[in-house]
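Student: Turn this into a model:
(2 chains)
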Amino acid sequence: MAKKVRIPTPLRKLTNNEELVEVNAATIGDVIAELQMRYPGIKDRLIDETGSIRRFVNVYVNEEDIRFLENQKTTLKDGDEISIIPAIAGG
Amino acid sequence: MRALKCRECGREYPLAATHVCEFDFGPLEVVYDYDRIKKSLSRSAILSRSQNMWRYRELLPVANEPTVGTQVGFTPLVKADRLAKALGIREAWVKNDTVNYPTLSFKDRVVSVALSRARELGFTTVACASTGNLANSVAANAAAAGLKAYVFIPADLEQGKIINSLIYGAQVIGIRGHYDEVNRLCAEIAGKYGWAFVNVNMRPYYAEGSKSMGFEIVEQLGWRLPKHTVVCMASGSLLTKIHKSYQELTKLGLALESEYHIYGAQATGCSPISTAQKAGLDFFKPVKPNTIAKSLAIGTPADGFYALKVMKETGGAAEDVSDDEVREAIKLLAETEGIFAETAGGVTVGVAKKLIASGKIPAKDSVVLCITGHGLKTLDAVNGHAGRTREIRPSLREFESILQNESPAAA
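Tutor: As a prediction, this is how the structure comes out:
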């Protein structure tokens, strides 16, 4: 079984409007690389020039922010759900 | 307003219900034509208009006359002499949004803009992710405007804030999780349903409403910028918009340019921005909130980066206070000025006290405190800490026995 990535609205133009994409990657870093293979250009939207995830991009694995895990090194298991979400104003 | 523009890369977008740049996820902000505004917006034009936030209409992002929340704003700026004395500073002012109309918090400012704009864009259902005050305001203003409302809140919010949303007939969804989790879910819901989410796809318009608090402070001080302003921070948005309001008024020649500093206040139990500021960083580390100041409990503050930038650029600072200090500060404001603020107001007053004590805000100066919401909404937080009722039979003798036990001054 693969892992599922939820694609946010601003990136769906790149994924032919796919909302949910299945990947086989083992870490978050690999997920981004795999997405880039299939949807060229998507990596630049998520990663800045220093190789870090852009400051207004939040990535979650099963609802946990990867900054509380191991960022791009966070490892994944089958069935995990990954969400990519823009930062939101408060509340 | 002319367009939406990415704060990161500067790409422009049409004035639609959209909030992030497709290229770098940077937040979109409204761009105005200041040369044109300068022609119609003068001090005398403003003074001739009704006393509400819409007297600054040209600087608020609606295309036509506002239709929601037309009476919001223009809350009192109170000269707080007794509080100033207690804080050890020459002069203090309280911008008192505990009495903002209609839901007793500054959120009515942002919601009136967001819902007026939502109507212009043809929406009939509105929604928000909220720590409470925003939910109250969306529920009330949507009811008055005949819009359908869905509000999403952490399920463990104060009772007062939950009832204050339900009473207006809004659909209230309590999420078992903290605000950052509510936010994440709402981002997904907003992407799926075609609603006007005031702090998601309507955010560029919504956030601008906060500027009105700053415009009014300057006007009420006699068109002077306050030298020191203390603002509480959840996402950090209000602080950045107060800064923007001061900049716009000087750019338009409505206020004289002068030195000013903006300070951010957080609760220690959720202090990602103040922790970063004190460490001299220009980025923050997300936290899991644990504080009685639930309206400020955002562990991943979306505008944290820009709030840090504003404090750095204006020579301000950030500080945070414990839950006990928050309660003490709520009491201090109530006992000195007769203003009952919610926990966020306690955070602002408590932080101001610390900044004055440490000399970061000089005792010889004047400070403005932005008090954003009413204490009746967070009674749970001070229940048991505000003193107690003494119960007697209807007997003069029993009353006088109480008086005898008090200090001579009181008798």
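
Student: Output the contacting helices and strands for the longest helix seen in chain A.
Tutor: The single longest helix within chain A, with elements called by DSSP state H, is helix A:28-38. For helix A:28-38, the helices and strands in contact under the criterion 3 or more C-beta pairs under 8 Å, 6 or more residues apart in numbering or on different chains; DSSP states H and E are strand A:3-6, strand A:20-23, helix A:42-46. Where you see a C-beta, it was placed from the backbone N, CA and C, and this is true even at glycine.

Student: Show me what the last one is packed against.
Tutor: In this structure, helix A:42-46 packs against helix A:28-38, with contacts taken as 3+ C-beta pairs under 8 Å, 6+ apart.

Student: Could I get the CA-only coordinates of the helix it packs on as CSV?
Tutor: Written as CSV, here are the backbone C-alpha positions of helix A:28-38 (Å, rounded to 0.1, in the frame of the first residue of the first chain):
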residue,chain,number,x,y,z
ILE,A,28,9.1,13.6,3.1
GLY,A,29,12.2,14.6,1.1
ASP,A,30,11.6,11.7,-1.2
VAL,A,31,7.9,12.5,-1.5
ILE,A,32,8.9,16.0,-2.9
ALA,A,33,11.4,14.4,-5.3
GLU,A,34,8.8,11.9,-6.5
LEU,A,35,6.2,14.6,-7.0
GLN,A,36,8.8,16.6,-8.9
MET,A,37,9.4,13.6,-11.3
ARG,A,38,5.7,13.3,-12.0
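
Student: Mind listing residues that contact it?
Tutor: Residues external to helix A:28-38 that are found in contact with it (C-beta atoms under 8 Å, 6 or more residues apart in numbering or on different chains): A:3, A:5, A:21, A:23-25, A:42-43, A:46-47, A:59, A:61, A:66, A:71-74, A:76, A:82.

Student: ok, now with 10 Å
Tutor: Applying C-beta atoms under 10 Å, 6 or more residues apart in numbering or on different chains, the contact partners of helix A:28-38 are A:3, A:5, A:7, A:11, A:14-15, A:18, A:21-27, A:41-47, A:51, A:53, A:59-61, A:66, A:69-76, A:80, A:82, A:84.

Student: Can you turn the buried part of these into a PyMOL selection?
Tutor: Command for PyMOL, covering only those of those found buried under the criterion 16 or more other C-beta atoms under 10 Å in any protein chain shown:
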select buried, chain A and resi 3+5+7+11+14+15+21+23+25+27+42+45+46+47+53+59+60+61+66+69+72+74+76+80+82+84
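
Student: Surely residue B:30 and residue B:248 touch.
Tutor: No: counting by C-beta atoms under 10 Å, residue B:30 does not reach residue B:248; the two are 11.5 Å apart.

Student: so how many other residues sit close to the closest residue to chain A within the stretch 201-350 of chain B?
Tutor: Nearest residue of the stretch 201-350 of chain B to chain A, counting by C-beta to the nearest C-beta: residue B:235, 3.1 Å away. Other residues near residue B:235 number 28, with proximity taken as other C-beta atoms under 10 Å in any protein chain shown.

Student: Pull the contacting residues for it.
Tutor: Here residue B:235 is in contact with A:87-91, B:131, B:179, B:183, B:199, B:203, B:207, B:273, B:296, B:298, B:300-304, B:306-307 (C-beta under 10 Å, 6+ apart).

Student: Same question for residue A:47.
Tutor: Neighbour list for residue A:47: A:29, A:32, A:33, A:36, A:53, A:54, A:57, A:72, B:24 [criterion: C-beta under 10 Å, 6+ apart].

Student: which intervals of chain A have sub-threshold pLDDT?
Tutor: Chain A contains residues with pLDDT under 70 at A:1, A:89-91.

Student: how about the residues of it near chain B?
Tutor: Counting by C-beta under 10 Å from any C-beta of the partner chain, the positions of chain A adjacent to chain B are A:6-14, A:19, A:41, A:44-48, A:52-58, A:60, A:63-65, A:67-68, A:83-91.

Student: If we use 6 Å, what do you get?
Tutor: A:9-10, A:54-57, A:65, A:67, A:85-91 (C-beta under 6 Å from any C-beta of the partner chain).

Student: Which single one of those residues is nearest to residue B:359?
Tutor: Comparing those against residue B:359 with C-beta to C-beta picks out residue A:90 as the nearest, at 30.3 Å.

Student: Tell me which residues of the longest helix of chain A come out buried.
Tutor: Going by 16+ other C-beta under 10 Å, helix A:28-38 has these buried residues: A:28, A:29, A:30, A:31, A:32, A:34, A:35, A:36.

Student: Kindly report the same for stretch B:14-27.
Tutor: Of the residues in stretch B:14-27, B:15, B:17, B:18, B:19, B:20, B:21, B:22, B:24, B:25, B:26, B:27 count as buried by neighbour count, 16+ other C-beta under 10 Å.

Student: Leaving out sequence neighbours, find the closest residue to the fifth one.
Tutor: If you skip the residues right next to it in sequence, residue B:20 has residue A:86 as its closest partner in space, 4.3 Å away by C-beta to C-beta, 6 or more residues apart in numbering or on different chains.

Student: No further questions, thank you.
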